Every structure is written in structure tokens, then in C-alpha cells.
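1. Got a predicted model here, sequence first, then my questions.
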Amino acid sequence: MTGFGAAAGPIGSQQVTLELRTVNHRFFNPSIKLPSALSQWEGELREQLRKGVARGHVTAVARIERAATGMQEIDEQKVARYADLLRGIQQRHQLDGAVDLATILRFPDVLASEPDQEHAGTPAEVQKLAGEAIDALTRMREVEGTRLAALLDERITMVEGALRRIAARAPGRLVAERERLRKSVKELTEGVDLDQQRLAQEIALLADRLDVSEEVDRFRSHISAFRETLSSGKKEPVGKRLGFLLQEMLREANTTGSKSKDAAMLHDVVAVKEELERIAEQVENIE
């Protein structure tokens with residue numbers, strides 16, 4: 001499920017901003033980008049993300065905004081070396097312009113934090129910052145999940161409507177199929193003596209193979225379980241369960257379609273399968 005969350009706080013001597021972005025993925029797939037000063041905490045961050053996001057491609061990006069405490073010092077020896085280097089280049093190449101302090105301060109390693117402030121932080125600081133970012137991410141994903149649940153409920157209601165039409169038409173279609181089989185057998189065996197009781201049994205068996213009542217009952221049970229899962233208030237992933245229920249519904253729809261020798265019923269079966277495919281596309285975005 002898509003989402004975004006961010007948090008800012010101190011890690012060691014640095015003020016750090018951590019941003020999390022998630023998109024759909026079948027499994028937990030993290031991508032962590034940390035500055036070199038924080039790279040030692042990648043393992044801790046990865047583990048906390050794994051606990052907080054069960055499924056999805058998670059991109060975590062940390063930026064060091066500024067030193068959290070202490071002052072930065074100027075390395076005067078490096079300033080002098082850079083100044084001499086720049087003046088030498090100016091003379092050799094006859095370049096205009098003054099060598100000023102602002103230019104020299106842009107060079108690396110000229111500014112340095114006080115030694116007593118140069119520590120990379122603690123696991124507790126990393127966990128606190130990651131926890132705040134995950135909480136923000138979770139809140140956004142919950143809002144998206146609520147909207148998506150309402151959409152899925154609308155689509156499953158459409159599936160229910162088609163299933164009701166199939167269930168209502170099935171008994172009459174079964175009677176008509178029995179009569180058709182009886183008439184066909186009579187035409188084919190005109191003038192031949194047959195055991196009428198045995199004939200009735202065979203026709204009944206053939207017709208019963210076209211009965212979809214069991215498929216419809218199982219389909220209704222799967223829909224009920226799907227709705228219960230959608231409305232569950234439990235703080236646990238439901239995407240895999242919804243995906244499994246959709247597979248079971250599609251199986252029942254395929255079986256019903258293979259048994260339905262009726263244009264109206266087949267039309268509704270096709271409509272059901274189309275809606276199930278649309279629902280499956282959305283369920284892939286649910287954790």
C-alpha cells in the first residue's frame with residue numbers, strides 16, 4: 001500500500017530527518033539510503049522497518065540537517081594551505097578575483113565538529129526516530145486503507161448482485177435442462193423399448209451434474225469471510241487472506257461457468273469474473 005511518513009530528531013551529534021515511502025510489493029522489500037555517518041545503524045533500522053511494515057517496497061532515506069549540539073571549529077592550517085594553493089593558481093594562470101574566506105570554507109574538512117560531540121548516536125535514538133516515522137507512515141496508510149476498503153465493499157456488492165441472479169435462475173434452468181434431455185432421449189429412441197425408471201435416473205444424474213447450488217453456497221460463504229476480513233478492527237495484515245478468498249471465489253465462478261449452459265447465467269458469470277479481477281488488482285495494494 002502506498003504511504004509516506006517522516007520524522008526528525010537527533011542521532012548522536014547530528015539532527016537527522018528520516019523519510020519513509022512505501023509502494024505495493026508482495027513481500028517486505030526495503031531500500032535504505034543512509035549518509036556514511038549513520039551507515040552503522042542500517043541493520044537496526046532495517047529490523048525496525050520489518051516489524052512495522054509487513055509487506056511492501058519500503059524506501060527509507062535519511063538526511064543529516066545540521067549538528068544537534070556543539071559548535072564547529074575552523075581548521076586554520078587547512079585554511080592557510082587552501083589559501084596558498086588558490087593564490088598560486090591565480091598567479092600561474094593570471095586569474096582575477098580575491099581569495100576570500102567564504103570560498104575557502106566551501107572546501108572539505110575545513111569545518112570540523114568539536115571532538116567531544118563527534119559521536120554517531122545510540123540504538124535508542126535510532127529506534128525513536130524510526131518509530132516516529134513508521135507511526136506517521138502507518139497513519140497515512142490507514143487512511144488509504146479505509147478508502148480502499150469502501151471501494152472493495154462496493155465491488156463485492158456488485159459480485160453479490162450477479163450471484164443472486166445466478167442463484168435465482170439456476171433451479172428453473174435445471175428443470176428445463178432435464179426436460180430437454182428427456183425430449184432428446186425420446187426422439188433418439190423412438191420405437192425402442194426402454195426401462196423408464198432407469199432412463200429417469202440417468203437423466204436426473206446428467207442434470208444434477210449441471211447443478212450449481214453447492215458452488216453458489218460456497219461462493220456466498222467466501223463473500224461473507226471477505227466482508228468480515230475487510231471490517232476487522234484487528235491490527236494485523238489482511239492482504240494475503242483477502243487474496244486467498246478471491247482465489248477461492250474465482251474457482252467457484254469458473255466451475256459455475258462450466259456448468260451453466262444458459263446465456264443469462266453465463267453473462268452474469270463473466271460479470272462476476274471481471275469484478276473479481278478488478279478487486280484482485282486492488283487487493284495487491286493491501287498489506
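-> Done, it's in.

2. in the helix or strand where Ala253 lies, what's buried?
-> Ala253 is located in helix 239-259, with elements delineated by DSSP states H and E. Across helix 239-259, burial judged by 16 or more other CB atoms under 10 Å covers 239, 241-242, 245-246, 249-250, 252-253, 255-257, 259. (C-beta placed from N, C-alpha, C; glycine too.)

3. From Gln282, how far out is Lys259?
-> Counting by CB to CB, to the nearest Å, the gap from Lys259 to Gln282 is 29 Å.

4. nope, Arg178 is what I meant
-> To Gln282, Arg178 is 41 Å away according to CB to CB.

5. could you pull out the helices for the stretch 101-250 of the chain?
-> Across the stretch 101-250 of the chain, reading from the start of the chain, the helices by DSSP state H, counting those that start in this stretch fall at 101-104, 123-188, 196-208, 213-231, 239-259.

6. rank these by mean pLDDT and give me the bottom one.
-> Mean pLDDT across the helices of the stretch 101-250 of the chain is lowest at helix 196-208; the value there is a mean of 68.

7. Just the CA trace of the longest strand anywhere in the chain, in CSV.
-> Using DSSP state E to assign secondary structure, the strand with the most residues in the chain is strand 56-67. In CSV, the C-alpha atoms belonging to strand 56-67 read as follows (Å, rounded to 0.1, in the frame of the first residue of the first chain):
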residue,chain,number,x,y,z
GLY,A,56,5.5,-3.6,0.6
HIS,A,57,8.6,-1.9,-1.0
VAL,A,58,9.9,0.4,1.6
THR,A,59,12.3,3.2,0.7
ALA,A,60,14.0,4.8,3.7
VAL,A,61,16.1,8.0,3.2
ALA,A,62,17.9,9.8,6.0
ARG,A,63,19.5,13.2,5.7
ILE,A,64,21.7,15.0,8.2
GLU,A,65,20.4,18.5,8.5
ARG,A,66,22.8,20.0,11.0
ALA,A,67,24.8,19.3,14.1
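
8. That one - what's its average pLDDT?
-> Throughout strand 56-67, pLDDT has a mean value of 85.

9. What are the buried residues along that strand?
-> Of the residues in strand 56-67, those with enough neighbours to count as buried (16+ other CB under 10 Å) are 56-60, 62, 64, 67.

10. cool, and stretch 175-189?
-> Of the residues in stretch 175-189, 177-178, 181 count as buried by neighbour count, 16+ other CB under 10 Å.

11. Please tabulate those residues in CSV, including the columns distance to Ile89.
-> Putting the buried residues of stretch 175-189 into CSV (distance: CB to CB, whole Å) gives the following:
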residue, distance to Ile89
Glu177, 96
Arg178, 101
Leu181, 100
